[in-house]
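Engineer: I would like to see how this sequence folds:
(one chain, ligands or ions: 1)
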Amino acid sequence: MNYDTILSTTNNGITTITVNRPNKLNALNKATIGELHSAFKAAGKDKDTKVIIITGSGEKAFVAGADISEFADFDIKNAEKLAAEGQKMLFDYIENLSTPVIAAVNGFALGGGLELAMACHFRVASTNAKMGLPEVSLGVIPGYGGTQRLPQLVGKGRAMEMVMTAGMIDANKALEYGLVNHVTSQEELIALAEKIAGKIMRNSSVAIKGAIKAINANYKDGIDGYNTEIKQFGKCFGTEDFKEGTTAFLEKRKAEFPGK
Ligand code: COA
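Structural biologist: This is a model prediction of the structure:
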């Protein structure tokens, strides 16, 4: 599929989606959000895609935020609609995708850019990465899930400070905070994400899907995560992947998982 503001390529089980507006530091406009939704949907359905990596084009930015020029003249109603539709279409959509999504944060991840990275299942970053939620410096608050996901990842006090100061943290601070899992050079970033993807791909996609559901349940109001885990655990026992995984172990061979 052809896109105007993003790129999507699939190789060896990995679909790499690149936000491709380097002249605007990959800022998320309406078109980009729509195209990202389509690309994530397609990759999620694609049997050949076992892991998705998302990154930004160029050497400077992952995504420098929502495109400020698009919402500068919005009123209250339009602003609520922007946040509600964006959350549903992209941020919640990624978080709840059954296919693992890794954010490779290759530069500025600010505002909607950090919110995008935080909606992914986990994050790796390059040493030049800078992360923050600068919205209050613009007279607004994060609207794509930032006030919810940042405290989940770094703790309430650190999230409060990051949001209130509108400051940026560097990759090492993000590592210390648990916002990213690994830091490497910019040249090595995609290779690192691919290496982790390779480890994921050796395992059962069907079981991973259940694990994502169960882990996410911990962060959903009114849902008993332990109960979700019990249900997903039980469900595994009816799958071909479970049969193959346990049989391969007992036969002392490597499992060849059929499903996605
Ligand atoms: N929305 C729209 N355009 C953006 C953008 C955003 N969030 N972030 C960067 N851009 C554009 C700039 O307007 C500029 O466009 P121009 O060349 O047509 O003028 C281009 O990207 C390059 O950015 P520039 O500001 O010149 O780069 P810089 O290296 O001087 O600064 C940043 C980099 C990231 C510090 C700065 O761009 C910035 O503060 N961006 C906004 C971050 C933000 O507040 N995001 C949250 C939005 S809710």
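Engineer: Is residue 41 in a helix, a strand, or coil?
Structural biologist: helix (DSSP: H, G, I helix; E, B strand; the rest coil).
Engineer: Quick one: the strands in the stretch 51-200 of the chain, in order.
Structural biologist: 51-56, 61-63, 101-105, 108-110, 122-126, 130-132, 168-170, 182-184 (DSSP state E, counting those that start in this stretch).
Engineer: Now do the end-to-end distance for stretch 110-124.
Structural biologist: With CA to CA, to the nearest Å as the measure, the first residue of stretch 110-124 is 15 Å from its last.
Engineer: before we move on, back to that, among the strands of the stretch 51-200 of the chain, which is nearest the ligand?
Structural biologist: Nearest to the ligand among the strands of the stretch 51-200 of the chain is strand 108-110 (4.2 Å), distances taken as CB to the nearest ligand atom. The C-beta positions use only the backbone N, C-alpha and C, and glycine is treated the same way.
Engineer: List the neighbouring strands of the closest one plus their orientation.
Structural biologist: Strand pairing for strand 108-110, using DSSP bridges, gives strand 61-63 (parallel), strand 130-132 (parallel).
Engineer: Deepest-packed of these, please.
Structural biologist: strand 61-63 (a mean of 30; mean count of other CB atoms under 10 Å).
Engineer: tell me the most buried of the strands of the stretch 51-200 of the chain?
Structural biologist: It is strand 61-63: most buried of these by mean count of other CB under 10 Å, with a mean of 30.
Engineer: So what's the model's average confidence on that strand?
Structural biologist: On average, the pLDDT along strand 61-63 is 98.
Engineer: Indicate whether that strand makes contact with the ligand.
Structural biologist: No. Against the ligand, strand 61-63 shows no contacts by CB under 6 Å from any ligand atom, the least distance being 6.7 Å.
Engineer: Could you check how far that strand is from the centre of its chain?
Structural biologist: Strand 61-63 has its average C-alpha position 13 Å from the chain's average C-alpha position, going by CA atoms, centre = their mean, to the nearest Å.
Engineer: cool, stretch 58-66 as well?
Structural biologist: Here the centre of stretch 58-66 is set off from its chain's centre by 15 Å, with CA atoms, centre = their mean.
Engineer: swap in stretch 29-36?
Structural biologist: With CA atoms, centre = their mean, you get 15 Å for stretch 29-36.
Engineer: other SSEs contacting the worst-scoring helix or strand of the chain on mean pLDDT?
Structural biologist: Sorting the helices and strands of the chain by mean pLDDT, DSSP states H and E puts helix 68-71 at the bottom, at a mean of 93. Under the contact definition 3 or more CB pairs under 8 Å, 6 or more residues apart in numbering; DSSP states H and E, helix 68-71 sits against helix 76-86.
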